[in-house]
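structure for the following, please:
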Amino acid sequence: MKIKILHTNDIHSRFENFAKVTSKVKELRNENTLVLDAGDFNDFMRLELQGTNGKAGCSLLNIAGYDGIAIGNNEGFEGVEILESMTSTELIPFLSCNIYRMDMTSIKGVKRSIIIDRGGLKYLIIGATPPFNNFFSLLGMYASNPIEEIKREMEENKSKYDICILLSHSGMGVDLEMAEKINGIDIIIGGHSHTLMDKAKVVNGTIIHQSGNYGEHLGILDIEFDDGRIVDFSSENIRVEDIPADNDITEELSKQKQIAIEVLSQPLYKVDHHIWHDVVEENPITNLLADALKDVIPCDFSIINSGIISGGVKKGDVSNKKLLEISPSPLNPTYMEIKGKYIKEALRLSLEADVCLQDGKGSGFRGRYLGRLHMSGAMIEHDGKDILRVKLENGELEDERIYRVSTSDYLQRGTGYPSLANNMNEKYNPEYTRDVLREYLNEKDFLKRCFIDRWISIDK
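Numbers count the residues shown, from 1 in each chain. Sure, this is the predicted structure:
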């Protein structure tokens, strides 16, 4: 018997590409086909998801005919309430055998696994979520080690299925480990590491396949099943760039966008000034975020990159729609402790325009450029090529002294500015930097202070 598995992973809300994927799915699907996603389909940088509490993504997957989706970290990063909003639609099964509330009770609507009867065969499909508990714990969730959970699910369903499929949003390294340690998984459809495979791997009898990211490819596994086992298979990843978009997806996306715009466009408050933005030059809106981070997290000073924000705010009404447009990245205010020399090294890099203009890609980042570093609680004297000194509220920055710093988890990891990774005792806040910006754009004292320059050019 011939079986076809069509699959995607890490779409990250590139729904325009997903419309092309759907066209190919509709072309290739037959009565013996499963259609699956390995997580991070829903990325809440999109208006459609923010304005519908994630339900728009469920609708798109349903229209495309998907049979199930693993809960990736991005499905979880909006918290239990939003995750339950998505599962409540019952438009597609959300699968994870290892995601719980903090008290280890189940999250409403999340299924550990499902059994699908298709073409006379029964498929056990198990979901696995990466244990990002530094962040999940802030949101009232906990992801356990998936290996024992997967074994438990297989044991409890033994004799009920012909083929076991693991939808794993764990990354290629973990998938290889799970294939070695768990006997009896027939297929792992993977995600999280954004790995585009030329062909599937076989490890300990388990077929492993993954299809890159952003909906640029559709993964295909053609399986031949005979005498109770898989006897042969072939695999490929089809690039969808030149495939026409599916009209049903395009129309639904337009409909969901209008719903979201109406919800998110309600004015929150007014601002009295144009608060502009720039990638290379110091600007008031990034200064305001730096000031806000210093106020939110007790510290010696704060540091943040302008690329975390994509634009300014004009005088007048501010809405959630505008805030999402200019601050799409799901990054958390972060406390860290770090020596002064590593701060100074990062500031020196930030004098270079080509550094500020480099691609800011990194975990959680949804902007385009890395951007200039901005500080609160410090004045930076420079000559355009080097940092002359950094004046703090109680003296100068000392190379070997350890400082308490407020920043984002993006910079705390050293993304773009590698020296900042030399930190310790990091702690994360549950809200996003966008939430901080929303609160402090309505604070008049902060609006006045953000126009005060902190980068001071000194002629030698």
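
C-alpha from now on. contacts and neighbour counts both.
Fine.

domain-wise, how is the chain divided?
By the assignment in automatic domain parsing, the chain contains the domains 2-260, 267-457.

JSON lines for the ones you listed, including mean pLDDT and mean neighbour count?
Converted to JSON lines, the domains of the chain look like this (pLDDT from 0 to 100; neighbours: other Cα atoms under 10 Å):
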{"stretch": "domain 2-260", "mean pLDDT": "97", "mean neighbour count": "20"}
{"stretch": "domain 267-457", "mean pLDDT": "97", "mean neighbour count": "20"}
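
just the CA atoms of the top helix by length along the chain, as CSV, please.
Looking across the chain with DSSP state H, the single longest helix is helix 247-264. In CSV, the C-alpha atoms belonging to helix 247-264 read as follows (Å, rounded to 0.1, in the frame of the first residue of the first chain):
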residue,chain,number,x,y,z
ASN,A,247,-7.7,31.4,-3.7
ASP,A,248,-9.4,30.0,-0.6
ILE,A,249,-6.4,30.8,1.6
THR,A,250,-6.0,34.3,0.1
GLU,A,251,-9.7,35.1,0.6
GLU,A,252,-9.7,33.8,4.2
LEU,A,253,-6.6,35.8,5.0
SER,A,254,-8.2,38.9,3.7
LYS,A,255,-11.3,38.3,5.8
GLN,A,256,-9.3,37.6,9.0
LYS,A,257,-7.1,40.7,8.4
GLN,A,258,-10.2,42.9,8.3
ILE,A,259,-11.5,41.4,11.5
ALA,A,260,-8.1,41.9,13.2
ILE,A,261,-7.7,45.5,11.9
GLU,A,262,-11.1,46.5,13.4
VAL,A,263,-10.1,45.0,16.8
LEU,A,264,-6.6,46.4,16.9
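
same for the following helix or strand past that helix, what does it pack against?
Counting by DSSP states H and E, the element after helix 247-264 in chain order, helix or strand, is strand 267-271. Here strand 267-271 touches strand 316-319, going by 3 or more Cα pairs under 8 Å, 6 or more residues apart in numbering; DSSP states H and E.

which other residues reach the strand it packs on?
Strand 316-319 is contacted by residues 264-273 when judged by Cα atoms under 8 Å, 6 or more residues apart in numbering.

next: stretch 10-18.
So stretch 10-18 is contacted by 38-46, 57, 191-192, 194, 212-216, 240-241, 245, 250, 253 (Cα under 8 Å, 6+ apart).

in the stretch 151-300 of the chain, which spans are helices?
172-181, 247-264, 284-296 (DSSP state H, counting those that start in this stretch).

tell me how far the first one lies from the chain's centre.
Right, the one you point to is helix 172-181. Centroid displacement of helix 172-181 relative to its chain, using Cα atoms, centre = their mean, to the nearest Å, is 22 Å.

same thing with stretch 162-177?
20 Å.

what of stretch 40-55?
The chain centroid and the centroid of stretch 40-55 are separated by 11 Å under Cα atoms, centre = their mean.

can I get the helices of the stretch 151-300 of the chain in JSON lines with distance to Lys24?
Below are the helices of the stretch 151-300 of the chain laid out as JSON lines (distance: least, Cα to Cα, whole Å):
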{"stretch": "helix 172-181", "distance to Lys24": "25"}
{"stretch": "helix 247-264", "distance to Lys24": "12"}
{"stretch": "helix 284-296", "distance to Lys24": "43"}
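
for beta bridges, what are the partners of Ser319?
Judged by DSSP bridges, the bridge partners of Ser319 are Pro267.

what's the distance between it and Lys257?
Distance from Ser319 to Lys257, counting by Cα to Cα, to the nearest Å: 16 Å.

now Ala143
32 Å.

one more: Lys158?
According to Cα to Cα, Lys158 and Lys257 sit 43 Å apart.
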